[in-house]
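Novice: let me see the structure of the following:
(one chain, ligands or ions: 2)
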Amino acid sequence: LTHGGAEPRRARSAAGGAGPAAGAGPPGGRGPAVDGAERGAGDAMVAEEPPAPPALPGLRLVQQGAEAHVYRGLFLGRAAVAKLRVPKRYRHPALEERLSRRRMAQEARSLLRCRRAGIPAPVVYFVDYVTNSIYLEDIVDSITVQDHIYSVQKSGTDTSDLHKLAEKMGELLARMHDEDIIHGDLTTANLLLRPPTEKLDLVLIDFGLSFISGLPEDKGVDLYVLEKAFISTHPDTEAMFQALLKTYAATSKKSGPVIKKLDEVRLRGRKRSMIG
Ligand SMILES: Nc1ncnc2c1ncn2[C@@H]1O[C@H](COP(=O)(O)OP(=O)(O)OP(=O)(O)O)[C@@H](O)[C@H]1O
Ligand SMILES: [Mg+2]
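Specialist: Ligands and ions are numbered 1, 2, ... in the order given. The predicted structure follows:
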């Protein structure tokens, strides 16, 4: 099945506890990579040079993704995560710099917009335009919805919890879309659950691809991306996405045209896959 640009980014591996020593590394770090040309294009997709770690006390690398490295530590005494973009060597340094900056700015902007509207998202502590890194409130002891679904499924306990969770997700996304915030990378890995998980206390994260739009089409595509992510990461959860959509439709004041667009986008995806 092909679905053009709407495919969500792949889930990435976690790397626990492998961070450098506390306080290591200068706060400024390195500038944009300038030695990319020496390497040739052969290794374009592999082995990006990791960004210099931020100077956070008790620093620990928690997630080493293809797009970003996430560190955990203290920022002015508060539990914080620092997100640093990983430069892509196959991109021209100037383009890379622009992209990183734009994504970071978008992330900060949308997080603030969420917070202002009362939509649960991490507090923004600091935006560093020199290193293109962003310091956020650490949602302490949270787990991703993705991991939560896996663990509920594995435990074989009653999946009615998952139904409720899906409803909560639909409600949250409806509120976000009613603020004209398009997430841009909706997956179950970009939604956190605060402890204790039974409270179904959701927090939205990872707004680097987000933008502001009131267009039903943009909202429909946002939901489509999530639907695709659901199908690929949780193959046995059709009922969950159905419950999510139902609550979305009931919560959002503007859901009619959005669901219509979602249907259109689905159809387009199917046609494209038939043509090949
Ligand atoms: N504010 C936060 N509090 C707690 N954990 C967080 C926070 N932000 C990010 N994380 C953890 O780090 C992971 C990656 O963060 P995020 O989704 O923002 O980056 P990403 O660009 O998707 O990185 P990747 O390239 O790994 O996908 C999340 O799935 C989550 O486990
Ligand atoms: Mg993510």
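Novice: which stretches of the stretch 51-200 of the chain have low pLDDT?
Specialist: Filtered on pLDDT under 70, the stretch 51-200 of the chain yields the residue ranges 51.
Novice: let's see 80
Specialist: 51-58, 63, 65-66, 87, 156-159 (pLDDT under 80).
Novice: can you give me the neighbour number for the residue in it that ligand 1 sits nearest to?
Specialist: Ligand 1 sits closest to residue 65 of the stretch 51-200 of the chain, with a gap of 2.0 Å, by CB to the nearest ligand atom. Backbone N, C-alpha and C define where each C-beta goes, glycine included. When neighbours are defined as other CB atoms under 10 Å, residue 65 has 19 of them.
Novice: then residue 239?
Specialist: By other CB under 10 Å, 12 other residues sit near residue 239.
Novice: tell me the residues of this structure that contact ligand 2?
Specialist: Proximity of the chain to ligand 2 (CB under 5 Å from the ion) is limited to residues 190, 206.
Novice: now do the helices in the chain.
Specialist: Assigned by DSSP state H, the chain shows helices spanning 36-39, 93-116, 145-155, 160-178, 216-233, 238-251, 255-275.
Novice: what packs against the fourth one?
Specialist: Using 3 or more CB pairs under 8 Å, 6 or more residues apart in numbering; DSSP states H and E as the contact test, the elements touching helix 160-178 are helix 145-155, strand 202-204, helix 216-233, helix 238-251.
Novice: what does the last one contact?
Specialist: Think helix 238-251. By CB atoms under 8 Å, 6 or more residues apart in numbering, the list of residues contacting helix 238-251 from outside reads 149, 162-163, 165-171, 173-175, 223, 226-227, 230, 234, 255-256, 258-259, 262.
Novice: now the residue of the stretch 101-250 of the chain found nearest ligand 2. Nearest residue, chain neighbours left out?
Specialist: Going by CB to the ion, ligand 2 is nearest to residue 206 of the stretch 101-250 of the chain, at 3.8 Å. In space, and not counting its chain neighbours, residue 206 is closest to residue 190: 4.1 Å by CB to CB, 6 or more residues apart in numbering.
Novice: residue 165 and residue 262: what is the separation?
Specialist: Distance, residue 165 to residue 262, using CB to CB, to the nearest Å: 20 Å.
Novice: and residue 185, by the same measure?
Specialist: From residue 185 to residue 262 the distance is 17 Å (CB to CB).
Novice: could you do residue 85 as well?
Specialist: The spacing between residue 85 and residue 262, counted by CB to CB, is 30 Å.
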